[in-house]
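Novice: coordinates only, sequence not included:
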């Protein structure tokens, strides 16, 4: 099982009147982890992760659009100065889309380790000129394959 581990620092503004991370801010934290994991950094930026290959700059030939997001909150995230740990993997690698799965944990070294949130985002690759879905290139598919495992299991549906 190969996962991408992204530490995310919490900001004071992420918290609400109940002194935990606000549910809307969770989507921003997941976005930050997703961008770090999969978007190619600008030239001259720090070393990129091996999976950070999607060209998301303005003017790119292919863009990635969110088709679906699902979040299950398991425990409130309290304020802490150490970064929370986000684990990401590919839950499904389709023709033009892929499902990014997340588990959000307490900071590295905190015992017991707390699983705060599970989530998934489906991204669709789209041709920027036509607005139509674009097949995931073979080289990207090959790069992502080691990160494919069973999708996140949501336990509190319905």
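Specialist: Structure's in. What do you need? This is a predicted model, so every value here is computed, not measured.

Novice: which residues of this protein score low on pLDDT?
Specialist: Low-confidence segments of the chain, defined by pLDDT under 70: 1, 44-45, 47, 156-158.

Novice: which residue is nearest the middle of it?
Specialist: Note on the chain: the residue nearest the mean C-alpha position is residue 34, at 3.2 Å, using Cα atoms, centre = their mean.

Novice: That one: what secondary structure?
Specialist: The local conformation at residue 34, judged by DSSP: H, G, I helix; E, B strand; the rest coil, is helix.

Novice: now residue 139
Specialist: Residue 139 falls in the helix class when you classify it by three-state DSSP.

Novice: can you check residue 13 too?
Specialist: Three-state assignment for residue 13 (three-state DSSP): helix.

Novice: What separation do you get for it and residue 127?
Specialist: As judged by Cβ to Cβ, to the nearest Å, residue 13 and residue 127 stand 36 Å apart. Yep, even glycine has a C-beta here, placed from its N, CA and C like the rest.

Novice: With neighbour numbers in mind, choose between those two.
Specialist: Of the pair residue 13 and residue 127, residue 127 is the one with more neighbours under other Cβ atoms under 10 Å, namely 14 against 9.

Novice: show me what contacts that one?
Specialist: Shown in contact with residue 127 (Cβ atoms under 8 Å, 6 or more residues apart in numbering): 61-62, 133-134.

Novice: just the buried members of these?
Specialist: Buried members of these, counted by 16 or more other Cβ atoms under 10 Å: 62, 133-134.

Novice: Tell me which of these fall in strands.
Specialist: Taking DSSP state E as the definition of strands, those contribute residue 62.

Novice: Format the buried ones among the contacts of residue 127 as CSV; extra columns: distance to residue 25.
Specialist: Output for the buried ones among the contacts of residue 127, formatted as CSV (distance: Cβ to Cβ, whole Å):
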residue, distance to residue 25
62, 29
133, 30
134, 31
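
Novice: between the buried ones among the contacts of residue 127, which is nearest residue 150?
Specialist: residue 133 (24.3 Å; Cβ to Cβ).

Novice: Against residue 81, how distant is the residue lying closest to residue 84 once chain neighbours are set aside?
Specialist: Beyond its immediate neighbours in the sequence, the residue positioned closest to residue 84 (Cβ to Cβ, 6 or more residues apart in numbering) is residue 8, lying 5.4 Å away. Using Cβ to Cβ, residue 8 is found at 12 Å from residue 81.
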